[in-house]
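Dropping a prediction and its sequence here:
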Amino acid sequence: MAVQEGTRSSTLRVLEEALGLTTTGDTTDAVATEGAYYLEQVTITEASEDDYEYEEIPDDNFSIPEGEEDLAKTIHMVQEQDTDTQILEKKTVLPSRHAVPEVIEDFLCNFLIKMGMTRTLDCFQSEWYELIQKGVTELSSIGNVPDVYTQIMLLENENKNLKKDLKFFRQAADKAREDLLKTQKERDFHRMHHKRIIQEKNKLINALKGLKLHYASYEPTLRVLHEKHHALLKEKMLTSLERDRAVGKITGLQSTLKNIDIGNSFHVPEIKGGHICEEENRPEGPTQKGLREAREQKKCTKMKEDAKDSEFPIDMQPNPNLNLCKENLCPTKFDYKLNNIFRLHELPVSCVVTHPYKDILVSCSEDRLWKVVGLPKGNMLLTGSGHTDWLSDCCFDPSGNKLATASGDTTVKLWDLSKGDCILTLEGHNHAVWSCTWHSCGSFVASASLDMTSKIWDVNSERCRFTLYGHTDSVNSIEFFPFSNTLLTGSADKTLSVWDARTGHCEQSLYGHMHSINDATFTPRGHIIASCDSCGVLKLWDFRKLLPIVSIDVGPSPGNEVNFDSTGRVLAQASGNGVIHLLDLKSGQIHKLMGHESEAHTVVFSQDGENLYSGGSDGTIRSWS
């Protein structure tokens, strides 16, 4: 009896502890006093469903036997079926389930599990089920958990959920605060940038207004100068007429006197004109003397220079490429593979040319240097320096002993490759020189410049023979027609022009490009022109008819340079996206060489067509074979 009372008391202490009525210390003492209990696992086996005996349910759907038909029963049956159908069609509404309050046992177990008190839970379950099994505790007498505890549990759960939401919203608020600060900083930056742009715009507007006023002030001055110019022309014309009239009178008087002298056989001195005699006998002042000496010096210099001027060849050497037979040509090659990379310059490579007879290559760069490289290993042979700005182009003379370089310092320099020294500097352009080319006779060099002009230089007299005017924008490329006196120029004004180098006159202009032309070249036979522009459009022209043949768009990256191989059947283009495009002129197919990591500026074939060399903006030259 005492043991049962002790067990009951320990169970009640656990209940009081769970409900918050006692301390945990008392519970620990009670568990230590009463001892530990254990649960025994019992397996309950269920009977097999095959052992059950099923009763046969009689069929209620009986049919009326023949001979006993009754109209009233049939109508009653039909009405019952209609009633059953209506009942089935109606929605069945189940009664609301009554909320059953949680019992104390479940409440305590859930509480201990929730708090992580596993040992207390084991002790409670051992004592609880032991008391119930012994009959000491009756479940009916314990009752349910008061609503206040259930509400406390619900409130605690709700509080936890609210705390989680609060943490989430706090994080969202912090992130929103950071985004707001970042947006405010960007807004302030853009506001300041907008204010600066407005200030610059106002400044430009004021400058434009000032320029308009300044330009307006030129009109009356120009008008006055034009009037003075017309007045001076009139005076010059009148003076010329009076001089001619006076010379005519003097000549007639002299002839008359000579006739009189012959007829009358007496001598009359010759009259030369009073004003001429006075001028001859008048003493010469210092200004007149200086002008006369300057004229004589200029005349002597001109005669001296003109004596050294080269003559354009009349009978040109025939183009040897015209006699090439198609049967003797080697098959075209498109499967070039990246073979080697020559790292020669620190700045972008602007031009690469191969020697006409030797296995050497010359590269120009924006680092103001040109370098001679041996092929195929790429060993350095010679380095040239002398320009004060970036180099844009270079070319060999027909003999291969001299090199011409064009630079951004507005000059063209000629170099002796045997010594590496500059032998001549051609000055005359007002802006950067983009391109240069040698005449096939070796006595003339042509250059194209940003100042919208091209110049033809005489190497022997060391002077400019002709300046070619006509383009309205920068002249980006220039090239002599093979073994002729014809020049081809490509300009940023979207046109190609054909010039006669002997007279300096433009013979024909080709229109068709919609953007700035970067480069143009002839085939070795000279019957086709290839040109590329700043949007990657490649055009082929028939030089015999001066008409376009085909236009191919390989953009949008710009085409920087185009070159034909020695057979004239393959055209290579260096593009701004680093791709080398190879165009088969026979089939029209385009092959791509991928190997440059940055922009490709120049491309050239070897003399035998087995190798291809390209220069890029990373200062390297890539060899393809």
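Thanks, I have it.

Name the nearest residue to residue 477, ignoring sequence neighbours.
residue 490 (4.2 Å; CB to CB, 6 or more residues apart in numbering). Any C-beta I mention is one placed from the backbone N, CA and C, and that applies to glycine too.

Low-confidence ranges, the stretch 151-300 of the chain, go.
For the stretch 151-300 of the chain, residues meeting the criterion pLDDT under 70 lie at 248-249, 251-300.

can you give me the helices in it?
274-281, 286-308 (DSSP state H, counting those that start in this stretch).

Show me what stretch 533-540 is in contact with.
Under the contact criterion CB atoms under 8 Å, 6 or more residues apart in numbering, stretch 533-540 has outside partners 494, 512-518, 528-532, 548-559, 562, 571, 573, 575-576, 581, 583, 585.

With stretch 368-376 instead?
339-340, 342, 344-345, 359-365, 379-385, 387-391, 394, 403, 405, 407, 415, 417, 606, 611, 621, 623, 625.

Was I right to think residue 121 contacts residue 112?
Yes: using CB atoms under 8 Å, residue 121 makes contact with residue 112 at a distance of 4.0 Å.

So the two - more neighbours on which side?
The neighbour count for residue 121 versus residue 112, taken as other CB atoms under 10 Å, is higher for residue 112 (21 against 18).

Is the more buried one in a helix, a strand, or coil?
On the three-state scheme (DSSP: H, G, I helix; E, B strand; the rest coil), residue 112 is labelled helix.

just residue 389 next, same as before
Here residue 389 is coil, with the state taken from three-state DSSP.

tell me the contacts of it?
Contact analysis of residue 389 by CB under 8 Å, 6+ apart lists 368, 407-409, 432.

One more pass at 6 Å, please.
Counting by CB atoms under 6 Å, 6 or more residues apart in numbering, residue 389 touches 407-409.

Check residue 512 too.
Going by CB under 6 Å, 6+ apart, residue 512 touches residue 548.

Residue 85: what secondary structure?
Residue 85 ends up helix, using three-state DSSP.

ditto for residue 524
Under three-state DSSP, residue 524 comes out as coil.

Would you confirm that it contacts residue 568?
Yes: if you go by CB atoms under 6 Å, residue 524 and residue 568 touch, sitting 4.9 Å apart.

Just the buried ones out of the contacts of stretch 368-376, please.
Among the contacts of stretch 368-376, those scoring as buried are 342, 344-345, 360-365, 382, 384, 387, 390-391, 394, 403, 405, 407, 415, 417, 606, 611, 621, 623 (criterion: 16 or more other CB atoms under 10 Å).

just to revisit the earlier point, please flag which of the contacts of residue 389 sit within strands.
For the contacts of residue 389, the ones inside strands are residue 407, with DSSP state E as the criterion.

Nearest to residue 105 among the contacts of residue 389?
residue 408 (97.0 Å; CB to CB).

any idea how far the closest one is from residue 449?
Computed as CB to CB, to the nearest Å, the residue 408 to residue 449 distance reads 10 Å.

Repeat that for residue 422.
19 Å.

which residues of this structure fall in helices?
2-19, 24-34, 71-89, 104-115, 118-134, 139-142, 147-264, 274-281, 286-308 (DSSP state H).

pLDDT averaged over the first one, what's the number?
Helix 2-19 comes out with an average pLDDT of 50.

for stretch 425-434, same thing?
The model assigns stretch 425-434 a mean pLDDT of 94.

Only alpha carbons, please: show it as PDB.
Extracted C-alpha coordinates of stretch 425-434, given in PDB (Å, rounded to 0.1, in the frame of the first residue of the first chain):
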ATOM      1  CA  THR A 425      62.800  62.300 -95.200                       C
ATOM      2  CA  LEU A 426      59.800  63.600 -97.200                       C
ATOM      3  CA  GLU A 427      58.000  66.400 -95.500                       C
ATOM      4  CA  GLY A 428      54.900  68.200 -96.800                       C
ATOM      5  CA  HIS A 429      51.800  66.700 -95.300                       C
ATOM      6  CA  ASN A 430      49.900  68.700 -92.600                       C
ATOM      7  CA  HIS A 431      48.600  65.600 -90.700                       C
ATOM      8  CA  ALA A 432      49.400  62.000 -90.100                       C
ATOM      9  CA  VAL A 433      50.400  59.800 -93.100                       C
ATOM     10  CA  TRP A 434      48.300  56.600 -93.300                       C
END
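
Go ahead and name everything in contact with that stretch.
Under CB under 6 Å, 6+ apart, the answer for stretch 425-434 is 392, 406, 408, 410-413, 447-451, 455, 457, 464, 476.

now, among the residues you listed, which is nearest to residue 215?
Closest to residue 215, out of all of the contacts of stretch 425-434 and judged by CB to CB, is residue 451, at 23.0 Å.

Just give me how far stretch 571-586 sits from the chain centre.
Centroid displacement of stretch 571-586 relative to its chain, using CA atoms, centre = their mean, to the nearest Å, is 18 Å.

Please spell out which residues along it are buried.
571-576, 578-583, 585.

circling back: residue 515 is in contact with the residue nearest to residue 477, correct?
No: Residue 490 is beyond contact range of residue 515, at 11.6 Å (criterion: CB under 6 Å).

With neighbour numbers in mind, choose between the two.
Legend: neighbour count by other CB under 10 Å for residue 490 and residue 515, higher for residue 490 (30 against 16).

residues contacting that one?
476-477, 496, 517, 520, 531.

swap the cut-off to 7 Å and go again
Residues in contact with residue 490 (CB atoms under 7 Å, 6 or more residues apart in numbering) are 476-477, 496, 517, 519-520, 531.

Before we move on, what's the pLDDT of it?
pLDDT, residue 490: 96.

Could you do residue 81 as well?
On pLDDT, residue 81 comes in at 83.

burial measure for it, as a count.
10.

ok, back up a step: format the contacts of residue 389 as CSV; extra columns: distance to residue 193 and pLDDT.
Output for the contacts of residue 389, formatted as CSV (distance: CB to CB, whole Å; pLDDT from 0 to 100):
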residue, distance to residue 193, pLDDT
407, 38, 95
408, 33, 93
409, 37, 94
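
export the contacts of residue 389 to CSV and tack on distance to residue 428?
As requested, the contacts of residue 389 are exported to CSV (distance: CB to CB, whole Å):
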residue, distance to residue 428
407, 13
408, 15
409, 12
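
give the contact list for residue 357.
residue 400.
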